[in-house]
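1. Got a predicted model here, sequence first, then my questions.
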Amino acid sequence: MTLDPTVSLGALLAIGVTLFLAALAGYAGYVTVKNKVTEVEGRARDTDKAVEAYGTALAELRLHVSETCVKKEDLKDIEKRLTTKMDTVEHSIRNALTEVVKAMRPSRKGDE
């Protein structure tokens, strides 16, 4: 089998058009992929900004909680102190009532 060095203009034109269309399709694919990459990079930047904003908000919330909220141990200590104080007040009121009742009783001759 031998190659014929004479090629018709139509065959050359067909090969040229085919190569042009292949190059055009390749370029279109490149542009499409590049646009998608750019879009994904933009979304990644937006996500980074959102994560940073949430991190800042979380830090502010932690600060707010540490400044305005009470630790559980501190609350238990306060509850213990209040309970002790209320027991003391209750005891004092009971003793005061007992003294008032004693003062209101008529004195007996043998009690003096």
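-> That came through fine.

2. Three-state assignment for Val101, please.
-> Counting by DSSP: H, G, I helix; E, B strand; the rest coil, the backbone at Val101 sits in helix.

3. mind checking how far it is from Arg94?
-> Taking C-beta to C-beta, to the nearest Å as the measure, Val101 falls 11 Å from Arg94. Bear in mind the C-beta positions are built from the backbone N, C-alpha and C, glycine included.

4. how far does stretch 8-24 sit from the chain's center?
-> 59 Å (C-alpha atoms, centre = their mean, to the nearest Å).

5. any idea of the mean pLDDT in that stretch?
-> Within the predicted structure, the mean pLDDT of stretch 8-24 is 91.

6. mind saving the C-alpha coords of that stretch as CSV?
-> These are the backbone C-alpha positions of stretch 8-24, laid out as CSV (Å, rounded to 0.1, in the frame of the first residue of the first chain):
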residue,chain,number,x,y,z
SER,A,8,-7.6,17.1,-3.1
LEU,A,9,-8.5,20.6,-1.9
GLY,A,10,-11.8,19.3,-0.5
ALA,A,11,-10.0,16.7,1.6
LEU,A,12,-7.6,19.4,3.0
LEU,A,13,-10.5,21.6,3.7
ALA,A,14,-12.4,18.8,5.5
ILE,A,15,-9.3,18.1,7.6
GLY,A,16,-8.8,21.8,8.4
VAL,A,17,-12.5,22.3,9.4
THR,A,18,-12.3,19.2,11.5
LEU,A,19,-9.1,20.4,13.3
PHE,A,20,-10.7,23.9,13.7
LEU,A,21,-13.8,22.4,15.3
ALA,A,22,-11.8,20.2,17.6
ALA,A,23,-9.7,23.2,18.7
LEU,A,24,-12.9,25.3,19.2
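
7. So this protein: which segments form each domain?
-> Domain segmentation of the chain under automatic domain parsing yields 9-69, 70-106.

8. where among those domains is the average confidence lowest?
-> Comparing mean pLDDT across the domains of the chain, the lowest value falls on domain 70-106: a mean of 87.

9. Pull out the buried residues from that domain.
-> Using 16 or more other C-beta atoms under 10 Å as the test for burial, domain 70-106 gives no buried residues.
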